[in-house]
Structure formats: structure tokens, C-alpha cells
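K.L.:
have a look; sequence and predicted model below, questions after that.
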Amino acid sequence: MRARPKRREGLRALLWLSPWIAGFSIFFAYPLASTVYFSFTNYNMFTLEFVGLDNWRYLLQDDRVWVSAKNTLWLVVFMVPAQVVFSIGVAQLLTKLKTGVGFFRTLFYLPTLVPMVAGTVAFVFLLNPVGPVNQILSWVGIAGPDWFGDPSWSKPSLTALAVWGCGNTMVIFLAALLDVPKHMYEAAAIDGAGAWRQFRSITLPTIAPVLMFSLVTAVIYALQYFTQAMIASRVASGATDSAGSSFTPGYPEGSLLTLPQWFFHAAFRDSNMGYGSVLALLLFATSMIFTLILLRQFRKAEEVHS
Amino acid sequence: MSTTLTAPRRSRALPAPATGARRRRVLHWIATHAIAVALAIMFAGPVVLVGLTALMTDEQALTTNLWPESWNWSNFADVFAKSHLLTWTLNTLMYAGLGTLFMLVSSIPVAYALARFRFRGRKLAFLLVITTMMLPPQVVAVPIYLIWARFGLTETLWPLILPMLLGDAFSIFLLRQFLLTIPREYTDAARVDGCSDFRTLVRVILPMARPAIAAVALFQFFYCWNDYYGPLLYTWINQDNWTLSLGLSTFKAFHSVQWNLTMAATLLVTAPVIIVFFFAQRVFIEGVTLTGVKG
């Protein structure tokens, strides 16, 4: 089959790829270029005025960008590891169970399926100051905080939500753990290696690529964190954001503000699309760093393939 | 390999060095299962508490009681009566249904080309697919919004549905990963028999890729069902075109004292997803595993 001229195969590929090439140009390449252009303008959909670097200068003194950056950093440092470590732990436990594996696996997975909005609304209710969780805590003599109303507890509350819905990561780790050859554990056990030792010198090296992949993906998702934070702020503060009313994201006290939300607010609620474009490019730059790390891993995996 | 040779197999013939080992195994069983049960309570707890609240009366839902005094199944009917849940569901079904259909039509050919054809720029194309998949949608949102504004389609769900005709990066990525696992011999044999590219795709690839296609379709459907950012961006002002996620996000604000109804609505939005999952569990889990990338 190699006899077939490569040129023709290239042309045929081009034909098959054409929908994606069109999509990539219209919905990615062109918008990215015009976002760069808009970032130098003052634009609100009706009037467009070239303002040079004004938007970029404003970026440096915009407090909310720093607040968003700090919140995102918190998510990367606490939420991401919490989710990954918990997923590995649960997956590891599932490999150790002798009975009821199917039942437990399905049960642990189900919360992942709960739509993000539904899950967040439910958690805001469960963690409201007089809600069920605080009620249960009071039985053991703990006075629970106002989770989603207290700036120092709002991010931990969302972390609880993230850990609750860790099913996808768990399933991925479970598959990776089941790929570890059993005989290696048996050999290690005979050599007298304890559970922790076995985990560190057999399990961890084997699942390292999957672990790395999950961590990078989780960081990228943390940079995009939008829905859960916005819903939590909105439901906890009681704001509607229906036409005519105003809602500033980040409640309580900006503790849940993230860059995607601040972008959304600037560009589509304050109709400040020029400055919004600056925020979009900032988001692009930070995501691109981690995407490049991910791409390098893919290239490594591809080389193993072919 | 060497370890299998040197490691003496655990001998079942000999009665285990009696009670010690056996007791340890029993203790191990108890310990792991105790943790599993504790986790099960943790995972199921929120759903149980939400379910109990959904059945309370308006007054009781505001108290700290956890157990309903009376079981008000009519709360679920009230949600339909007091909100536009039906409209939101229909809108969501349109978004998810058409979105999934369009995505399949456009993404399968692209994944096929990326997995089967040898051409210059093939690796680059794949890397670009991953890049667009990982970048936040906000990055290019302003210019795309302006495109749809020019067509007068903002305030509808079409800006979310129509782009699916030009391929979805995540689906292309996932399908390609699966198609790579189909041995080349199959497509080569079809080629020898004189099949065109199109016939090869329809006759050889599609039947073999059925589980992957089902998984991608499910993911897309669930993604649309869950999507909040897209509908918020486009249909925010026009309540007639709201989806379930938009409706649910404002539910509490419009029924501010009625946690019971809000929780009932939450359950109603979640239930279809869970039901679909139980019918397609295996396909789904295999699909998730495929996203985990093995070297």
C-alpha cells in the first residue's frame, strides 16, 4: 500500500479535514487575531476607538485581576492536589476490595454525573448556615461556619464539591492501577515490603504518566474555573443576574472571583470589550503554558505509539 | 519477568500457616470494607439529604430538621407549575440533541483522517486539536459573539449548536485515540478490495468504532446538558430560550424561601443524566478511561 503516491493521500486528507480546518479558522484563528486587535481599542459593540496601550496599563492597576490570580493560585495549590490524591486513594481502595467492587465503584462515580449547576446549588443548600451539614456538626458539638458566606470558607467548600465529584479522575486511576502487574506486588511482599513501600516503589512509577497527565489537566481546569464559583456566589448571595439587575461575581468579598468570571463581567456585563480582550489574552497566556506541557507529554506518548 | 520465576507462588495446597495469616486476611477485609462504607456514606449523603429536603413542606425546609414530617411528593409537580421547567427541558434537549448529532457528522470524518492518512502536518494538526480542546472558551469569546450578533442569532441557542457542524475538538481527539487502536490491516484489506475512503469509513471503521462513537455522543450530550457558560453568554436576556442549567441557577433567587422546591428542581435536572448513565454504563466508563491517555 505504500506504493500510493503521498501527494494524493495528502489531498484526500485535506478534503476529510476541511470541516475542522474551516472551524479552526472561523472559531479560533480569526477570533484570536481580532482579540489581539480589540485589546488596543475601547469597544462596546457600537463604538470603536483605538486607545493604544490604555487597556494594558489598566490591567496593571486592576485589583480584581490580582484577587482572581490569588484565588486561582489557591485552587491550584489546594483543590487540585486534594482532588488527585483523593482520587488515587479511592481507586487504590477499590483495587483492594474483595466484595462489592462493582457496587462501590458505581456509587463513588455517580456524583460526577450530577450536573455542575445542580451539584453547586445542592452544596450551597447543604452548607448554608442553618443547613443539614451544620446541623449534623452541632450534634458533635461543632459550630459550623457560614460556608459559602464566609470568604475564608468559600473556597474550601468548593473543594469539598470538587472532591465529591472526582469520579472521572478516579476511573482513570483505577484503570491505571489495574494495569500494574500483580506479580510485582507479590514479589515485593515476599521481599518484606510494606503497603506504603509497595505503593512508592511499584505503584507510583507505573502510574506516573497518568498521574502527570491528570495533574496538568486539573491545573488547566482550575485556570478555567467558572461555573461552580459563579453559581455558588449567585445562589449564596441571592442575586438573580436577570436583565436589569446587577450582580458582581466573587461573593463573598471576591473570594470566589476567578479570571474567566472577571473577563465575562467586564466584556459582557460592563460591555467593555476592549479591556475584556486584554483579560482574555491573559487567560490565553496562562492556559497556554500548561497546554504546552500537556502537548509535550502527548508527543512523548505518540513516539511510543509509532 | 524474572520476578515471576523467582517468586514462589502462594501455595494453596498447604493449609495456611494457620490462624495468623487467616486472621490478618479477615481483618484486612473488615478494614477495607469499613473505609468503603464510610466513603459510600460520604458520597451518597448529599443526595440523601437533598432528597429528604425536596419532600418537606415549605415551612419545614427552613428548619434544621433533617427528616420530613410529611412526604410531599407534590413538590415535584409544583416545580413544573411554578417554573418554566418544561420549556427549559425542551430547549436543553434541542441544544443537546442537535449539538450531538452535528458533532458526530462533522467529527468522525476528521478523526478518521487524523488517525488513518499519512500526510505532512498530521502531527501539527493533532497538536492544534488538543490546543483548542484545552484552551478556555473565554479566550475567543468576544469576536465569536460579534459574529453571531451580526447574524442576529444572539439570544438564541444556535451560536452553541451550529459550530458543532465544524467539528468538536474533544470528540475528534477521543475518536482519533480510539481509531488508532484499530489495526491497519483492516483498512488496508478494504483498500485492496477497491473500497473508496468513504466506503472504508462506513463499512470497516464505523462498525468497529461503535463503542467509541457511543461514548463520544454521550459525553457531548452530557456536556450540552450541563453547559452553563454557553447559554448564559447567549440567552441570558431571553428567558424563552433558557436551558435547565440557566433556569436552575436562578431558581433559588425567584423562590427565595423555598429550599424544598429548589432541591426538587435539582433532583429533576439530575435524574435524566443518571438514568441514561445506567443504560450505558460500560460504554461510558470505557470512554472515560480513553481520556486518561496511556503511553
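P.N.:
Sure thing, it's come through. Just so it is clear, the structure is predicted and the values come from calculations on it, not from any experiment.
K.L.:
and the residue of chain A closest to chain B?
P.N.:
Of all residues in chain A, A:G23 sits closest to chain B, at 2.9 Å by CB to the nearest CB. Glycine gets a C-beta too; all of them are placed from N, C-alpha and C.
K.L.:
so what's A:V101 up against?
P.N.:
A:L94 (CB atoms under 8 Å, 6 or more residues apart in numbering or on different chains).
K.L.:
show me the helices in the stretch 151-300 of chain A, by range?
P.N.:
A:154-164, A:167-178, A:182-190, A:195-198, A:204-223, A:227-237, A:259-264, A:273-305 (DSSP state H, counting those that start in this stretch).
K.L.:
give the buried residues for the last one.
P.N.:
This points to helix A:273-305. Within helix A:273-305, the residues that count as buried by 16 or more other CB atoms under 10 Å in any protein chain shown are A:273-284, A:286-288, A:290-291, A:294-295, A:298.
K.L.:
ok, now the second one?
P.N.:
If you call a residue buried by 16+ other CB under 10 Å, then helix A:167-178 has these buried ones: A:G167, A:N168, A:T169, A:M170, A:V171, A:I172, A:F173, A:L174, A:A175, A:A176, A:L177.
K.L.:
among these, which are within reach of chain B?
P.N.:
A:N168, A:V171, A:I172, A:F173, A:A175, A:A176 (CB under 8 Å from any CB of the partner chain).
K.L.:
with pLDDT and distance to B:M42 added, can I get the residues you listed in a markdown table?
P.N.:
Supplementary listing: these in a markdown table, determined by pLDDT from 0 to 100; distance: CB to CB, whole Å:
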| residue | pLDDT | distance to B:M42 |
| --- | --- | --- |
| A:N168 | 89 | 18 |
| A:V171 | 89 | 18 |
| A:I172 | 90 | 20 |
| A:F173 | 92 | 18 |
| A:A175 | 88 | 23 |
| A:A176 | 89 | 23 |
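K.L.:
low-scoring stretches of chain B, by residue?
P.N.:
Residues of chain B meeting the criterion pLDDT under 70: B:1-18, B:256-257, B:292-295.
K.L.:
what's the domain layout of it?
P.N.:
B:17-77, B:84-254 (automatic domain parsing).
K.L.:
just how off-centre is the first one within its chain?
P.N.:
Going back to what we said before, that points to domain B:17-77. Mean-position distance between domain B:17-77 and its chain equals 25 Å (CA atoms, centre = their mean, to the nearest Å).
K.L.:
now for residue 67: which residues touch it?
P.N.:
In the absence of a named chain, chain A is used. A:G250, A:G254, A:L257.
K.L.:
that's the wrong chain, I meant chain B
P.N.:
B:L52.
K.L.:
Three-state assignment for it, please.
P.N.:
coil (DSSP: H, G, I helix; E, B strand; the rest coil).
K.L.:
need phi/psi at it.
P.N.:
Main-chain dihedrals, B:W67, degrees, to the nearest 10: phi -110, psi 130.
K.L.:
gap between it and chain A?
P.N.:
From B:W67 over to chain A the distance is 11 Å, taken as CB to the nearest CB, to the nearest Å.
K.L.:
picking that back up, count residues in the vicinity of the residue of chain A closest to chain B, would you?
P.N.:
22 (other CB atoms under 10 Å in any protein chain shown).
K.L.:
need the strands for the stretch 51-200 of chain B, in chain order.
P.N.:
Assigned by DSSP state E, counting those that start in this stretch, the strands in the stretch 51-200 of chain B number zero.
K.L.:
closest approach to chain A from it, which residue is it?
P.N.:
B:L166 (2.9 Å).
K.L.:
give me the neighbour count for that residue.
P.N.:
Residues near B:L166, counting by other CB under 10 Å: 21.
K.L.:
for B:Y186, same thing?
P.N.:
B:Y186, neighbours per other CB under 10 Å, totals 13.
K.L.:
correct me, but A:D150 touches A:P252?
P.N.:
Yes. Between A:D150 and A:P252 there is a contact under CB atoms under 8 Å: 6.4 Å.
K.L.:
A:Q228 versus the residue most central in space within chain A, what's the distance?
P.N.:
Against the mean C-alpha coordinate of chain A, by CA atoms, centre = their mean, the closest residue is A:Y221 at 2.0 Å. Distance of A:Y221 to A:Q228, given as CB to CB, to the nearest Å: 11 Å.
K.L.:
and if you look at A:M116?
P.N.:
Distance of A:M116 to A:Q228, computed by CB to CB: 6 Å.
K.L.:
one more: A:Q61?
P.N.:
29 Å.
K.L.:
please apply the same query to B:W242.
P.N.:
B:W242 is 19 Å from A:Q228, by CB to CB.
K.L.:
circling back to that earlier point, ok, so of the ones next to chain B among the buried residues of helix A:167-178, who is nearest B:Q258?
P.N.:
Nearest to B:Q258 among those, counting by CB to CB, is A:N168 at 32.6 Å.
K.L.:
residues in contact with that closest one?
P.N.:
Neighbours of A:N168 in contact, by CB under 8 Å, 6+ apart: A:T112, B:V288, B:T291.
K.L.:
try 7 Å
P.N.:
Going by CB atoms under 7 Å, 6 or more residues apart in numbering or on different chains, A:N168 touches A:T112, B:V288.
K.L.:
does the helix or strand hosting B:H28 come close to chain A?
P.N.:
In the assignment (DSSP states H and E), B:H28 maps to helix B:18-54. Yes. Using CB under 7 Å from any CB of the partner chain, helix B:18-54 reaches chain A at B:W29, B:T32, B:H33, B:I35, B:A36, B:L39, B:A40, B:F43, B:A44, B:P46, B:L49, B:V50.
K.L.:
quick check: angle from that helix to helix A:154-164?
P.N.:
Per axes from the mean of the first three to the mean of the last three CA atoms, to 10 degrees, the angle that helix B:18-54 makes with helix A:154-164 is 120 degrees.
K.L.:
please name the nearest non-neighbouring residue to A:L107.
P.N.:
B:A40 (5.4 Å; CB to CB, 6 or more residues apart in numbering or on different chains).
K.L.:
same question, A:K96
P.N.:
B:T32 (4.9 Å).
K.L.:
can you get me a residue count around the one you found?
P.N.:
Neighbours of B:T32 (other CB under 10 Å): 17.
K.L.:
any idea how far A:I293 is from it?
P.N.:
B:T32 is 35 Å from A:I293, by CB to CB.
K.L.:
would you mind naming what in the stretch 51-200 of chain A lies close to chain B?
P.N.:
A:90, A:93, A:96-98, A:104, A:107-108, A:110-111, A:113-118, A:121-122, A:125-126, A:130, A:132, A:135, A:164, A:168, A:171-172, A:175-176, A:183-184, A:186-187, A:190.
K.L.:
which of the residues you listed are buried?
P.N.:
A:90, A:93, A:96-97, A:104, A:107-108, A:110-111, A:113-118, A:121-122, A:125-126, A:132, A:135, A:164, A:168, A:171-172, A:175-176, A:184, A:186-187.
K.L.:
strands of the stretch 1-150 of chain A, start to end?
P.N.:
Using DSSP E, counting those that start in this stretch, strands in the stretch 1-150 of chain A cover A:41-43, A:48-50.
K.L.:
could you dump these to CSV with distance to chain B?
P.N.:
As requested, these are exported to CSV (distance: least, CB to the nearest CB, whole Å):
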stretch, distance to chain B
strand A:41-43, 8
strand A:48-50, 11
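K.L.:
which of these sits most buried?
P.N.:
strand A:41-43 (a mean of 20; mean count of other CB atoms under 10 Å in any protein chain shown).
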